[in-house]
Every structure is written in C-alpha cells, then in structure tokens.
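Asks: I would like the atomic coordinates for the input below:
(chains A, B, C and D)
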Protein chains: 4
Amino acid sequence: MLKQAPLNNSFRFRQVRDQTELLCASLSAEDCNLQAMPDTSPLKWHLAHTTWFFETFTLTPFSPGYRRYDESFQVLFNSYYNGIGKQHPRSQRHLLSRPGLNEVLEYRQHVNKAVSALLDLPVHADQGEISSRLYLGLNHEQQHQELMLTDLKYNLGCNPLAPVYVQSELPEREPAEAGFEFYKGGLVEVGQPADDGFGFDNERPQHKAWLEPFALGRKLVTNGEYREFIADGGYRRPELWLSDGWSTVQEQNWTQPLYWDLDADSPSVFTLHGQQPLRNEYPVCHLSYFEADAYARWAGARLPTEEEWEHACRQSHKPQQGREIDFNLKSLQPTGTTPNKGLRDLFGQVWQWTSSAYRAYPGYRVTPGALGEYNGKFMCNQFVLRGSSCATPRSHSRASYRNFFYAPDRWQFTGLRLARDAMPGAS
Amino acid sequence: MLKQAPLNNSFRFRQVRDQTELLCASLSAEDCNLQAMPDTSPLKWHLAHTTWFFETFTLTPFSPGYRRYDESFQVLFNSYYNGIGKQHPRSQRHLLSRPGLNEVLEYRQHVNKAVSALLDLPVHADQGEISSRLYLGLNHEQQHQELMLTDLKYNLGCNPLAPVYVQSELPEREPAEAGFEFYKGGLVEVGQPADDGFGFDNERPQHKAWLEPFALGRKLVTNGEYREFIADGGYRRPELWLSDGWSTVQEQNWTQPLYWDLDADSPSVFTLHGQQPLRNEYPVCHLSYFEADAYARWAGARLPTEEEWEHACRQSHKPQQGREIDFNLKSLQPTGTTPNKGLRDLFGQVWQWTSSAYRAYPGYRVTPGALGEYNGKFMCNQFVLRGSSCATPRSHSRASYRNFFYAPDRWQFTGLRLARDAMPGAS
Amino acid sequence: MLKQAPLNNSFRFRQVRDQTELLCASLSAEDCNLQAMPDTSPLKWHLAHTTWFFETFTLTPFSPGYRRYDESFQVLFNSYYNGIGKQHPRSQRHLLSRPGLNEVLEYRQHVNKAVSALLDLPVHADQGEISSRLYLGLNHEQQHQELMLTDLKYNLGCNPLAPVYVQSELPEREPAEAGFEFYKGGLVEVGQPADDGFGFDNERPQHKAWLEPFALGRKLVTNGEYREFIADGGYRRPELWLSDGWSTVQEQNWTQPLYWDLDADSPSVFTLHGQQPLRNEYPVCHLSYFEADAYARWAGARLPTEEEWEHACRQSHKPQQGREIDFNLKSLQPTGTTPNKGLRDLFGQVWQWTSSAYRAYPGYRVTPGALGEYNGKFMCNQFVLRGSSCATPRSHSRASYRNFFYAPDRWQFTGLRLARDAMPGAS
Amino acid sequence: MLKQAPLNNSFRFRQVRDQTELLCASLSAEDCNLQAMPDTSPLKWHLAHTTWFFETFTLTPFSPGYRRYDESFQVLFNSYYNGIGKQHPRSQRHLLSRPGLNEVLEYRQHVNKAVSALLDLPVHADQGEISSRLYLGLNHEQQHQELMLTDLKYNLGCNPLAPVYVQSELPEREPAEAGFEFYKGGLVEVGQPADDGFGFDNERPQHKAWLEPFALGRKLVTNGEYREFIADGGYRRPELWLSDGWSTVQEQNWTQPLYWDLDADSPSVFTLHGQQPLRNEYPVCHLSYFEADAYARWAGARLPTEEEWEHACRQSHKPQQGREIDFNLKSLQPTGTTPNKGLRDLFGQVWQWTSSAYRAYPGYRVTPGALGEYNGKFMCNQFVLRGSSCATPRSHSRASYRNFFYAPDRWQFTGLRLARDAMPGAS
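Replies: Next comes the predicted model:
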C-alpha cells in the first residue's frame, strides 16, 4: 500500500479531516442530529464515527499511552464492527443528543492531535502499517463525506419547509447528443492493478474476464428521457419490471424518482440547493436499481455489467484526481457537463447502476481482524455502481471503484448509462 | 367559567408561559429535538404547539389584524385538530430541525406580545370568551409542561449515557404505615360542580353514582412492595394478568417497571436526576395499567374505580392549589411524603390508575367546533388515572381531574393505590 | 346454579352436541379447516375445542377411570386456559390437517359416551358440581355455535367465488316505524338475579346503578339509514369519529360495513346465503364499535349504556327461551321482524353495541381455578354488546347477557340501536 | 426445441400428469389445502395451477373451440403472469376451500382430455409451437412436483404431531471419504448448447467464461460436519457470517438447520417419513444460503461459482436421465450414495448453493409474451443452486440447470459442496 513521507501524511490528514467539518459549517446542531430513516445517520454521528475509526484502528493499537476520549464512545460510534464489540443500534443514532455537537468536535480535536503526534514520531517499525491504516481511514472518511451529503439531503427532504443547504443558481444545459460507443470485448483485465495506489480490498485482485462485444451509452440518461418513460406508463406496466421491483413499486406507491414533484404546477425537485425546477437536460438521479433496470428495458437496452463499465472506462479516460478541492458546495446536484469526445460524465455526476451483483472477485482475500468487516460481509443482495457522483470527493474516484447498494435504495445520487449487446466487429 | 380582571389574566399568562421555557433552560437544542417514540414529542415541538394553540384559538378569531408568524406552522404544530386542518405526522416531529429552537422561541415572543395586547384591550363583547379560551390555553400549556418532563425523561432515558436533567440528592424515607380507609358509599356526587373554577369538559357535568361500601389504601404502593411481587414470580404467572396484559408482557419481555435496572449489582432506576439507587420506600412508578392491575390482584385487592377515588378524595382534603411555584425541579421523582392522617399522597407523587375506562359522563356535551376535539374523541380504550404526579404543575390538580392513558403506557409517572370491597358499616 | 334431574341433563347434552355437528353437515373437510384471520378458528377446531372443554373440566376431574382420547389434544385444543397448560398458537389452527375432520368427530363420540355415562351414574356427592359444569359446558358450546357461523362467514367471504352455505330466499320487509321509548331512570337493578337459572359469572352480582332519564330507539338502525350516513360523507369526516376509530378507517380504508359491495352495479352484500341484494329495510350489520359510534353521533344521538339497555329490556319483554329449535339455517342474515309494541328486535337480529366498556360488576368474584379464566381476564379494552343475533342459539339469550368484542371487530353480527338523554318526565 | 412424434408426446403428457396426482394419493383434502407460509402453496393449488398452465398457454391459443372449465380459475390459479391478468393473492391460497380437491381433479381431467385431443390432431402448422409449449408445460409441472413435496414437508412440519407422508426405513451410511477434485480452469463454455434437448431460457445461450484454477469437494457436506460447526459456536460468531445473514440469524433465532431438533434427548429431524434420528453421515440439508456460506467460511473454504460447478460437472458425468420412474417415495430424504470415483452426489441428493447471483447470461433473450415472465423477472436478489435433490423428478436434471432461491430460504432440499481456489497446475 501507499508509502508516503510523514510530512505529507500529516498534511493530507488535516486536509481531509478539515473538509469533513466544513460540510457542517452552515448547519445547526439540530440539523446535524437528524435521522429520517435507519439508513441515514446524523451528521454528528458521522463526525464521531470517522474519528472513532482512527481511534480504534490507528491510535489504540499503535499510539503508546494514548488515552481514549471517552470509553462509552467505543460502543456509541462503532458502526458495524462486531470484531471490536457491541454497537449502539443504528436506528437510534438520532437519540444521542449527548454527546452534543460541540463535544463531538472536541473529540475530533483530541484524536486529531494524537494522530498528528503519532505521524510525527521518528521512523519506526510500525510506520508502514500506520501509514496504510491512515490512508484507509482517510478514504473511509471521504466515503462518509459523501454519505453526509446524501443523508443530509434525505433528512432535510423530510421537512415540509424544504430547507436550503447551500444557496445556488443551477445552470441551464443544452441537450446532449446521444449515441453509443462500441467495444469488441474479449479476454480483458478487471480490478485494480497491484501497484496503483490506494484501493479497497474489494477492487482486488486484478483478474481476467471474458466480454462479448457490447456498446455503452455516451451520455447518462436524462430527466427528460426518464419523463418519457413515465409518460409512457412506466410505473404502471409490470412487464417492464423485475418481480421484486414491481412489488416495491406497488408497496411504496412509486410514481417518480425520489425528490421529484411532478404533481406541482411546474415540475420541481428537492435539492441541497432547495426546491428547484426539474430540468430535462440534467442526468436523472435518485433512481433505485429497479427503476434503472425498468427504464433500460423500456428503452430496448440493458444495464452494463461492472466489467463492461470498467473496461470501457479504462479505454476512455481516468477521473481527474489530485485537484485541490474535493467539493464545490455550490454544485451538489448533477447537471451534466460539456460534451467531450467518447463517453461523457463517467465521474462526478451520478453513480451508475450496473447489472452486476456485488460479489468477491476471484481470489479475493479478506483483511484479517475487524478491518476485514469493511467490505466483505456485504457481498450479498447488493448491486455494484460505478463512476462517482457530484457528492463524491474529487480525489476519491477511479476506474476500479466499486460502490454498492440494495436494489430499492434511492437516496444516493444514483442514475444510469445504457448498454447493449453488439455484433462482433461493430464500432 | 372563571372570570378574572384583565390585569390578573396578563400576569397569569406570563407566569405560565415563562414556566414552560424555564423547563428547557438547561437543555441544548439537540436535547429539545429528541423523539424516541411517536408518543414522546420533542420539547421544541411542545414549545411551538402550546403557542400555536393560543394563535389558533385566541388570536386568529379574536385579535383584529393579527398576522400569523408563519403560515406553515398551522400544519407543523397542529397536534390532532382535524377541524383546523391537516397535521404534520406525529412520528416525524423529530425531523423538524427547522424551525430551530431559537426561531420557536421567537415565535413564542411574537404570540405572547399579541396575546398581551389582546388582553389589554378595553372592555368589549368577546371578553368572556377570550378569557375562557385564555384559561383553557393555560391549562393546556400546563398539561404540556408535564408532558415535556415525561417525554424528556423517556427520550433521555434511551441514551446509554443516562444524562442528568437536574442534579439532585434524593431523600431517604421511612417506611410508611399501611392500612385502609373505609367508606360506606351510597348515592354520591361525582364530577366538578358547576361553579368551581376552571375544569375540562370531561370532568362535567356533576352527576350521581351509586357506590357499594369500599376501602382505599392509605398510601401508595411502594417500590419495596412491588419488588415482592416480582420476587414472587409476578411477571411469569399468567393467572395474575389480564389477557391483553399477559400478551404484552410476553411481546415486550417486561420483567420490571420502566426505567428499573434490577440486574445491576445494586438495583437502580433512571430518573431526571440521573441513575439513582432504587429505594424501597418510594412509591412505585412508571407502571402500565396491566402491571398495576396484576399487582392489585396479587395483593388480594383491586384498583379503585374513579368514582370511589373521587368520593374518598373529597372526604379527605383538597390539593394545595395556588402555590407560588408550580415545579420543584430538584424533586422530579416520586419519593412519598411525611404521613398525615387518612389518605396520603393523593396528589403530587404519582398518577393512580383506576379500573374505570375513560368515557363520557352522563349528560356530557362536547364543546362545539375544533375545541370539541380536546377530550371527547379519546373516550375509547383508555383508562382514567386520578390524582397528580411530581411532574404536574402544583396549580393543576383537583379532585375531579381525569387523566387518561392506554393500558400499556408506562412513560408517565403512573403508580397505584389499592382498593377493596368492604362490608357495609365496616370502618 | 341450575339443578336438574340426570335424565334431563342427558337429553339436553345430546341436543346441544348434535346441533353443533349439524352446523357442519353440509360442509367439506376443507371448508371446516379454513382460518382467514387469527380471530376466526376453523370449524373443525371448534368441534374439537368444545369437546376438550368437557374432557378437561368434567371428565378428567370427575369421571373415574376416564382415558383421554389423545394426550396431544390437551395442547392442540386448549384455547386460552393457562391454568390448564400450553396452547397451540391461535393463528396456526388452520395448519392442523391432522387430526382430520373424521377423527375429530370420533373424538366427539368418545367424549359424548363418557359424559353420558357420567350423567347416568347413581346419585353421588359431586353431582351438583358436575351438573353445574355440564351447563357451563353446554352454554360454552352454544357460544361456539354462534362463532362457528360467524367464523365460517368470514372464512368463506374471503373466497372470490362467494360460496353459499345454505340456499335461501330472503324476505322483503316493510320500512319500520321509527321513534324512541322513554325511561325515567333512577336507582335501578342491573345484572342477573341470584336465582334466575344459568348465567355467566360476568352477569353477576345483581347490583344497583343510577340512571338519568333516557330514551331508546324502538327499532334497530337499518341499512337504508346507514347508507344515508355514507352518502353524507360519513367515512370521510373525522369530526364524526373517535380518534382511534378515525385512525382505523384510514389504515383499513373502510368505506362501508364488512361484506358490503356498494361499488357493484347493484349494491349487494355477502351472506351465508351467498351474495344477496342489499335491502334498505334490514338492520345494518357487521359494524365495528367505531362505526356504530360514528353513526350515532351523525344521527345526533348516542349509543346506550349497558345499564340503560338492560333496564329497558326488563321493562319490555324477555327473549323467547325454550324453543325447540335453536337455529333456522334458512335465515342467517338479520332481516328485522314484524313490528310489535315498544322496543323491537332486542334479540335474534344483531348484537347491539353499547357505550359501556366491558368491566367487572361491583362485587364480581372470579371462579377459582382455570375456569376463572373464562370471562374475567378479558375485562379490558372491549365493549359490551347486548341482545343476541340471528346466529345466536335461541335458548341462549337473556336480558342480563353480556357479549363483548374489541372496538374494531366487525365479523360478528353487530349493529346498533340509538339512545338519547331525556328530560325528566318526558315520555 | 424438441421435436417428437404426437404419439410420444401423448404418452409423456399422461406420464407426467399422472405422476403429479400420485404424489397426492395418500393425502386427505385437508392435507392438500395447507399453506403454512406464503411461499408454500397448497398441493391442491399446485394441481390446479399446472393445469391452468396448459389451459392458458396451449389450449386457449391453439385448441379451436376449447371451452374453459371455469372462467374464475383464470385468476385463482394464475401464479404470477401479469401478462395474462390478475392473480389471486399468493398468501390467501389456503382460503380456497372451493373449488374442492375433487373439483380440481375434475378440472385436470377436463384439460387432460382437451390436450390429448389437441395432440391427436393431424399434422398442422402450429405443431412445432404446440410441442414446444407442451414440453415447457411438462417441465413446469415437474418443477411443481418438487415444490409439492417441499411445500408439503413444510406445511406438515408445522403440525406438532409430525405427520408421516410415507412410512419408510432410512438406511445407515458409512462415512464418505473427503477430499477435493482439482480443475485448471481457463476459458470454458457455460450454459446449454443449442441442440441439447429441452432447457429453460435462463440456461442459454451457451457462452464463454474465464475460470481461475479451483478445487471442488468430492462429496456433499454432511450432518456430522455441520454439527461440528454448530458445536464450534457457528451460530454465535458474527465473523463467520455475511452481514445480512447475521441479522437473519438474530431476528429468526436460528441455532440449527430447519427441521432439526438438537434439543431433544436424542437429536432428530423432521422428514417426509416422520421424525427420524439425525444421522451424521447424511448430507446436511435445509440450509439457507447464509448458513451454507458461513459453514464454508468456517471450514476455510468457499462456495463454488455456478460456472465452476457446471464446468466440473461436465467433466464428471451426466445425470442419469430417462429412468422409468421419476420418484422413489420411500426415499424423500437425502441419505448420500455409495461413493464412486470423482465428484459424488452431484444430482439427486440436495441442491447445492453457489456463490453466483442469479442473473441473465450474456446474450440472454426473454421469450416474447407472458411466457417471458417464466424466468427473467426473477433475476434479482436470488442465488443459483446447481444439481438436483431427492425430491427432483429424475428426468428433470442436467448440467446446465439453474435453480434459484433467496438467501434466507430454507424449505427446499438445499445443502452445499465446498470449493477452493487452487494453485495453477495442482491436481
């Protein structure tokens, strides 16, 4: 795993940690303690849990003489690591008015100082492992940064007042040109190469896969296209849906994507910038797997497999990493970007559902100990999403990245790109 | 209904309204937005709803030119008045981080000013009705003061940190002498007399009831006595329970009253003064109707009817009304009081379950309009409790007062006093 | 309790037991094993449970050398007697394809023979208790006869084929004259007198109650009247409903009584005689307490208390007991009867909801032992119904009879008669 | 698809149809109407639904002048074909006492005659399609034959009397030798070849897949081995489980496979031959995916992918097809077989969970029309099982067969075979 000089580590640590707190800067303590469903944790809990992660996996084992900020936090802010011990029930996180937001921010300072001190120690035997865990912790925190924004959106979205997180004017967009890119497939390599910087264990090992010829949509499916699906009876025609999807549509009375309001005089959508007009040119967003799959079927296409997506992505371009800032808080809604050649908007707009069930790659090895619970135990009943979204930190995306959610989940920035089988040799 | 000079009205209004805010003085905005179950509203919601009550029922109809603070509050802070309009769903009150606590306090100021101005108007035709609604609103607010304390207790009680609301040393008590008072019954009067100051519609009209001779326990059942019931297998013996009670015991795995911890090394109980030792001499508290009924059966006794309780109370003493302060925040746990002659602790310790289903008195008339929803529509599947508790404002109790909760409810300060049939002439 | 010569006992025993089996004569084994909700037991289970009752409470304690038909039946056919032991879960009764219907009928024969033998024994010391339990068992079986018909109706009613239990032509009826009977009230006696033949423990002791002047509807509320309530928005106006009732209406999407189909071209109703036209002149039936209460409120009236009903009934006439047959299987739908003077249709049409919560009468004593579970443990959250229905055995009704069901229950033959407060002296 | 002479078709049709009825021969009508959970349909429903399938997809479109037995059956016995129309709710199938078992058997005769007549028609244009649908219908019916046995087992298993379906003595077995077979993998073919007789659409098209070297357990995991897992705390150690699996274990209080009773004096298991001793040498059965996966993890191995299983199977031997009888009703419990060389018990014992999510093969095309709902719409959240079980008709298994169930499902005859990664070249 990544080896970097202590100085850089310290800088990067501060940079990521500060970013997390910046996301809460404009919010009240009450805002930060909302939890509208068990899946969406309070932002305060995210602030504490990401801190707990460093305390538990870095300070406790490696920092001599480290004293925990509060023993009770071991349980309160453990998410799902049975190897560490018990967990406060997920659905009750909003009941923790104590510790208050200020105390959690103090907890962050306490741990930040201790980690900085640990990173400043002279060269020693554990340095490789510490560095490795540091970068795992930072990537973990970046994942939570995205969750903070999606959870916040959902939590605020349950308030009839439709609160604004950041005031912003969203741009108008030109309709993007459609069309498909063709790939001849064959025996390809999938997964993160061994010496390619940080990656999660679920991206490895790199391995071979056989692909038939296929085509991938150049652009993301848009709101306007999705409205045609709705207008054509999309939510009322069982033949377009998976069986479990159709049950969900009926039980949940779904008639449109999450956050949409087509019934108002003028169609609108709830965003982190408040209630906004629904623009046809923007990528459609907040779809469940069921909806993405039904749309693709209606469109005479299908969802790509994750192997197809990754192969096409590697032939296209890499995400722009290393930018100085990870977030543009004025732009937390997918708007699509200026067309460039080939596949557009692979990253930075919406996560793209694939038809691939989340599973272990051939030869996958779980990390020993509690850290092994990070990814492996979720390889069941979830689908892989590829790319990244407008809420993903910009330094946190890559061709091999595997996001995963349950088929009915809609509160992430999730959309789709179409795929098709292709004749061999087509282009 | 009560007729008082405008000056007194203004004073009383400020007094009650200030008391409500005082209850929140030591709490954070996060504390004030907790809701651990649908029954327990956030304190912020109580602050707003009691204000909404004056705005809706006093200012809107009677204050010329009154401008509502915020139109959306009509729905957000309507509890259950269908006659007024829609209501924000009860179970989602904790999702209202906006309006924030400060804004709700401003809302209170806005309404306070308008009510004061209304009360200061020169003599006019609506004055009687305004005064009547004023006192209804103040009694309503006092009911919410008690709910704020019981809801807060429940909400904080779900936090493993067992937060302290008010630091306090609870007193030791001597065991109280047991025994029964005897009453010969006959044709008695029940309910509030016509000219007896403020009362809710459900306390009226005064009416006749026939009572057989009965006896009433001089004191409340204590923790120590209840522990004997538990030790004797009380929670494991179906013959002691109502059928619905036994189902509840099994479904909820009840083995002790709410907030008790008998499994710790030293038995303790969660209180608004934090975790405290469980003292045998204190009145037992936080019992459901089912538990109170089962205990009485185990003890070879029964619960009193509400008519028996009121008749005995009227022959005993009245609650001490008119005290200057309504709350002693250092004493929000029933501890029992120094024995006096006859029935003890009728008021100010725990609400006492009666065996009487909550129903309309003969000749009961519902108030016209939305205010008619205050009491009447709840006369189904609930049981009457009599007396008052340590969390009841001291100026808010009387012999005819009828509190009511569902049989499984445990989060109020609810306990019991035993009753027995008596031979005629016994004493 | 009733003292009768052994010969009469034997005859009555056979008479009631045979009647039970006659109710199943036209049904298949599949019909007899239906259970559409936990409340509605399979008819086969009723056949077995009523037999278990004699086996458990009469044969086992009093019949020397009696050998149980099958040990496993002690658990399978115990309804709710914790004092006897465990019970097969109520909701799983339909899973008992074994024992089959034929075997259960054999079980009945086995027990019938043993009871007959016991009744034929020469005079001995236990005879009084045996006779007492015999009549309890027979009245118990009669209660189950009614439940068999109501459960069967519900179970068949879930079949889209709307099966016919008994083919029958239902009569046309003339509209009945409305109006109220007046009663001056005062101190009255309620409950079964001590020497008045068989009665359940919940009807005793006779006791005094004070009644204000009241009036009682001469006739039952009819389908036609109830349709006016529906046409007037009855199911859409919260102000007409108890709070718990309104919640139920919304959760269950109630828009009409159980079994009604107002949406068909021609309004119809499912009956034990198949789908039938909905006749305005018939008494309305299959109402919950919530619906009966809402109708009464809409009609500017109220439900009677059980004391009012019994007092009026005793001044009117007694049910016709002692008829030779208990059932007319051609008439298992309330149709109303020819008007006679005074109160009509007190018995034999529909059970009439009262506003009285089911509770112990003053001085009520529970029978010792498991038989004490018969009635007492259900005195919570249920409402008393008075009279009897078209499905009640004719020898099984009396002025003091107390039926009881939960407020949302609709599958019994339940309707209503209106009541009103009256001025003293009015007539 | 298969082309056969009309004579053979008729014979095969009668053979399969008769077999279905034979499965019910020893059961009562009550037995045949049991439904203990929504997943397990009454046997009578299976008898009718398989008949509905021929009526709907063969007779209605192709048999001139065919008259349906009963119009209402179109809805009552439609399982999940939205393209055909509405369906009677799955969970309410047990409420259909009408039509009775005898009437359903008449329905079968009615349809059998019509199908036979259709097959006897002189050569005509639709013959290919009719033959194709005939064989689809027969394979469909064979699937239901297995479901009848598994549903019956579950439904009878809920009866505390542990009824016996077929009396039988189960054999003792010698412990089977363990060990793994090695495969070098590479680019292999998966799925049914184009000209290989009947197959479902989900088995096609044959396609390429890349396999890393792997090893497959020669034998099925046994009861004895699984008991070691239990004894080692298998059901209490979260680190062995998928996250969703661990939640299920806790919610369902799983401590052993379905039907096991380890708490009795002598461990036993419920089977279609009644309660039987639990024999260590038999293959473990009635495991969920979660349990199979946890066991494999505990054993230091993993589940095979479906591609690995099929590849190994093709290199081993094919199932013995074409036997005269499809069922040995004396042997409806997996007992393991005499060891032969290589992989043992691929077929005829227990379905073997694979780690492969059920999905469309590359190039999969859904059949047009309602028949397209047969398989495709279930390709979500289920796992593929390979092989066949003791309840699978012997003529109904093949190397490419894909069975699929949800991860928590346990009522099928489901067990496992271990797999491992292998070094290239190992053997």
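
Asks: Surely residue A:285 is in contact with residue A:411?
Replies: No - between residue A:285 and residue A:411 there is no contact, the gap being 10.7 Å when judged by CB atoms under 8 Å. For every residue, glycine as well, the C-beta is placed using N, CA and C.

Asks: And these two? Which one has more around it.
Replies: residue A:285 (29 against 21; other CB atoms under 10 Å in any protein chain shown).

Asks: nearest spatial neighbour of the closest residue to chain D within the stretch 1-150 of chain A, skipping sequence neighbours?
Replies: Here the stretch 1-150 of chain A gets closest to chain D at one residue, residue A:82, 3.8 Å apart by CB to the nearest CB. Among residues not flanking residue A:82 along the chain, residue D:238 sits closest, at 3.8 Å (CB to CB, 6 or more residues apart in numbering or on different chains).

Asks: Against chain B, how distant is the one you found?
Replies: 20 Å (CB to the nearest CB, to the nearest Å).

Asks: how many neighbours does that residue have?
Replies: So residue D:238, with other CB under 10 Å, has 19 neighbours.

Asks: What pLDDT does the model give it?
Replies: pLDDT, residue D:238: 97.

Asks: Angles on the backbone of it, please.
Replies: Backbone geometry at residue D:238, expressed as degrees, to the nearest 10, gives phi -60, psi -30.

Asks: wait, isn't it in contact with residue A:81?
Replies: No - assessed by CB under 8 Å, residue D:238 is found out of contact with residue A:81, at 9.6 Å.

Asks: Compute the number of surrounding residues for the closest residue to chain D within the stretch 301-427 of chain A.
Replies: Going by CB to the nearest CB, chain D is nearest to residue A:357 of the stretch 301-427 of chain A, at 3.3 Å. Using other CB under 10 Å, residue A:357 has 24 neighbouring residues.

Asks: Enumerate the residues of the stretch 51-200 of chain A near chain D.
Replies: Taking CB under 8 Å from any CB of the partner chain, the part of the stretch 51-200 of chain A that reaches chain D is made up of A:80, A:82-83, A:187.

Asks: helices or strands up against the longest strand along chain A?
Replies: The single longest strand within chain A, with elements called by DSSP state E, is strand A:351-357. Contact here means 3 or more CB pairs under 8 Å, 6 or more residues apart in numbering or on different chains; DSSP states H and E; on that basis strand A:351-357 packs against helix A:289-298, helix A:306-316, strand A:382-386, strand A:414-415.

Asks: What segments of the stretch 1-150 of chain A are helices?
Replies: Residue ranges of the helices in the stretch 1-150 of chain A, as given by DSSP state H, counting those that start in this stretch, are A:6-22, A:43-54, A:60-62, A:73-76, A:101-119, A:127-157.

Asks: sorry, back to before: looking at the helices and strands packed on strand A:351-357, which is nearest to chain C?
Replies: helix A:289-298 (25.5 Å).

Asks: ok, and what's touching that closest one?
Replies: For helix A:289-298, contacts defined as CB atoms under 8 Å, 6 or more residues apart in numbering or on different chains pick out A:221, A:226, A:229, A:232, A:234, A:240-242, A:244-245, A:248-249, A:254, A:257, A:287, A:302-303, A:353, A:355, A:383, A:405-410, A:414-416, A:418-419, D:380.

Asks: Just those residues: which are in strands?
Replies: A:353, A:355, A:383, A:405-406, A:414-415, A:419.

Asks: Could you work out the most separated pair of the residues you listed?
Replies: A:406 and A:419 (21.3 Å; CB to CB).

Asks: ok, the two, which is more surrounded?
Replies: Ranked by neighbour count (other CB under 10 Å), residue A:406 and residue A:419 place residue A:419 first, with 24 against 16.

Asks: For the more buried one, list each beta-bridge partner.
Replies: Judged by DSSP bridges, the bridge partners of residue A:419 are residue A:216, residue A:302.

Asks: now it: how far from residue B:312?
Replies: In this view, residue A:419 and residue B:312 are 80 Å apart by CB to CB, to the nearest Å.

Asks: so where's chain A shaky on pLDDT?
Replies: For chain A, the stretches flagged by pLDDT under 70 are A:1-7, A:317-324, A:338-340, A:424-427.

Asks: which non-adjacent residue is nearest the residue of the stretch 301-427 of chain A found nearest chain B?
Replies: Closest residue of the stretch 301-427 of chain A to chain B, CB to the nearest CB: residue A:411 (14.2 Å). Nearest residue to residue A:411, sequence neighbours excluded (CB to CB, 6+ apart): residue A:154, at 4.5 Å.

Asks: Just want to check the distance between that neighbour and residue A:142.
Replies: Residue A:154 is 19 Å from residue A:142, by CB to CB.

Asks: try residue A:166
Replies: In terms of CB to CB, residue A:166 sits 19 Å off from residue A:142.

Asks: Looking at the two, which has the bigger crowd around it?
Replies: Legend: neighbour count by other CB under 10 Å for residue A:166 and residue A:142, higher for residue A:142 (21 against 14).

Asks: Contact partners for that one?
Replies: Applying CB under 8 Å, 6+ apart, the residues near residue A:142 are A:16, A:326, A:392-393, A:395-396.

Asks: 6 Å - rerun?
Replies: Listed by CB atoms under 6 Å, 6 or more residues apart in numbering or on different chains, the contact set of residue A:142 reads A:393, A:396.

Asks: Please consider this matter closed, and thank you.
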